[in-house]
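K.L.:
With the sequence up front, the predicted model follows.
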Amino acid sequence: MSRKYNKIIENTQKKSWIDCLLALYIINLSEIWECLLSKYPAKQIASVSYENIIKNEMQQVSSLYKHLGINNISPVKKIIKQLRQNTGSGNFNIYKTKRTDDWQKFLSLSELQYISYRVEDRLKQIHTYHPHGKILVKVITPLGLDLKQIELAIVKQKNKTEKIKKQKEIKLIFYQKSRECVINEISREMVNIKSADYLVGSNNTKNTPPMIFKIAHFQVSKVYITNANFCSLLNYLNDNDVVNSLHGNYLFYNPNMPAERGGKIFLNNKEKYCVISGFENHPANWVSWLGAATFAKWGGMRLIEEIEWEYLAWQSLEINKEQINQSNSNISYTIGDTSEVYHYDKNTLGIYDMFGNVRTWCRNWYHHNSYFNDNPTFVKSVRGGSWNRNITSIYSRDYKPWLISARGIGFRVVKDKNCVLLNDKKFLADITCVIKLANQQHNSFKKLLEINQLIDKIFQH
């Protein structure tokens, strides 16, 4: 660590070990901002990855809670309040060397969930107003990043004689099936999954001891929800004056992703959602967890639980390359696009694309040690492989903020005995309530968790 940051730790008002942890947490972010705000950013920025920003923040916060548990610190509410007061009020000396108001705005623990949006705004400001901002690449919105290593790098000088390739003309098709039609279409193509006991873990490892989970009977969609069906929901919400954006941030779907970034659904000049011709039956991507959960609720269904996804995945006798869509089944990495939902063979249960095409939003909050987490956090579980990831992602657990969308994430829907199909009035009232709650994300850390819990209850059945 540089001498400058050692000095920051030394000058931190260390009333307890919590102050030290918070100082380190803030430094983690400050290193990024320091590079971007330096006099000569071109010489200092090697790679600023959105994935790393999110990952580092989550690791710091996880460490913080781990130390709370190890040290038997109680009551936790008091500690959370202390964290909030220290970070929000600028009690640490690190704030004194910067513009205090600016740092308070961007580095508040209570607004951790919106780090991606703050990064986007900050990078735009730097690109526009910084003396050397013009040498940075044109900023790609973090809402559009699929958490791959997309770097902020120096723009390469283009040859003046370089020919500018004309973009192919894109044909858009308007889709708005009725709610009843969409529900019937999905319901006809669902697979019955019988109740079962599912063994997780092994006696051979200390970290994952064997546990038996009870899998209740449910039905699951054979394929991912398609662009055509999701487009119908977007137009339904649009017709009922339900907004898709809040303070410039998209709630359900990001329609501003260009086709070369995997965008498939766009608003036409009549403010209607349309799908690029030829991609109607591809899985819907660039859908946030909120968008996926809203679609499921619209159909009287829900999203799949992580433990259910894993149970279904292991029911296939073997994983073979023909079942995995890696770059349209060319057995190569990260080039290509999504495929039509029925393009590849189904597994032994009759379910398509369990291991590829796009990854899957799960209903539950992510917890690193458990498949079940009733306590709300800031991130939802994501499982499975996708066309733009290698085979190892099939086995690993992942998570994403619930208002973030990505190129390689889609979703399935599930129906069980607890699912209820609401009438239009009740459904729209619930979604309006969710948007009002989402508008309160600037609240305190404690309040933020309460809001997430309320939102989760709305999407339980």
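P.N.:
It's in.
K.L.:
Please count neighbours and contacts with C-alpha atoms only from this point.
P.N.:
Fine.
K.L.:
Surely Thr294 and Thr432 touch.
P.N.:
No. Shown here, Thr294 and Thr432 do not form a contact pair, counting by Cα atoms under 8 Å, at 11.0 Å.
K.L.:
what about those two, which has more around it?
P.N.:
In terms of neighbours (other Cα atoms under 10 Å), Thr294 is the more surrounded of Thr294 and Thr432; the figures are 23 against 15.
K.L.:
quick one: pLDDT of the more buried one?
P.N.:
For Thr294, the pLDDT comes out at 97.
K.L.:
and the gap between it and Asp416?
P.N.:
Remark: distance between Thr294 and Asp416 (Cα to Cα, to the nearest Å) = 17 Å.
K.L.:
repeat for Gly408
P.N.:
From Gly408 to Asp416 the distance is 27 Å (Cα to Cα).
K.L.:
Equivalent analysis for Leu303, please.
P.N.:
11 Å.
K.L.:
what is the rounded mean pLDDT of stretch 347-354?
P.N.:
Mean predicted lDDT for stretch 347-354 stands at 88.
K.L.:
Which positions within that stretch qualify as buried?
P.N.:
347, 351-354 (16 or more other Cα atoms under 10 Å).
K.L.:
My understanding was that Phe174 contacts Lys270; is that so?
P.N.:
No. Shown here, Phe174 and Lys270 do not form a contact pair, counting by Cα under 8 Å, at 10.5 Å.
K.L.:
Who has more neighbours out of these two?
P.N.:
Phe174 (19 against 6).
K.L.:
helix/strand/coil for the residue nearest to the more buried one when sequence neighbours are not counted?
P.N.:
Spatially, and ignoring its direct neighbours in sequence, Phe174 is nearest to Cys274 (4.3 Å; Cα to Cα, 6 or more residues apart in numbering). Look at Cys274: counting by DSSP: H, G, I helix; E, B strand; the rest coil, its state is strand.
K.L.:
For Cys274, give the beta-bridge partners.
P.N.:
Assessed by DSSP bridges, Cys274 has beta-bridge partners Phe174, Phe266.
K.L.:
my guess is it contacts Leu172, does it?
P.N.:
Yes. Counting by Cα under 8 Å, Cys274 touches Leu172, with 5.6 Å between them.
K.L.:
Tell me which of those two has more neighbours.
P.N.:
Counted by other Cα under 10 Å, Cys274 and Leu172 do not tie: Cys274 has more neighbours, with 25 against 18.
K.L.:
contacting residues for that one?
P.N.:
With contacts defined as Cα atoms under 8 Å, 6 or more residues apart in numbering, the neighbours of Cys274 are 172-175, 231, 265-268.
K.L.:
re the thing from before, against Gly291, how distant is the residue nearest to Phe174?
P.N.:
Applying Cα to Cα, the value for Cys274 to Gly291 is 16 Å.
K.L.:
Show me what the biggest strand by length in the chain packs onto, helices and strands only.
P.N.:
Assignment by DSSP state E gives strand 359-365 as the longest strand of the chain. If you count contacts as 3 or more Cα pairs under 8 Å, 6 or more residues apart in numbering; DSSP states H and E, strand 359-365 packs onto helix 289-298, helix 306-314, strand 379-383, strand 409-410.
K.L.:
Averaged pLDDT, that strand. What do you get?
P.N.:
Here the average pLDDT along strand 359-365 is 92.
K.L.:
quick one, it and strand 379-383 angle?
P.N.:
140 degrees (axes from the mean of the first three to the mean of the last three Cα atoms, to 10 degrees).
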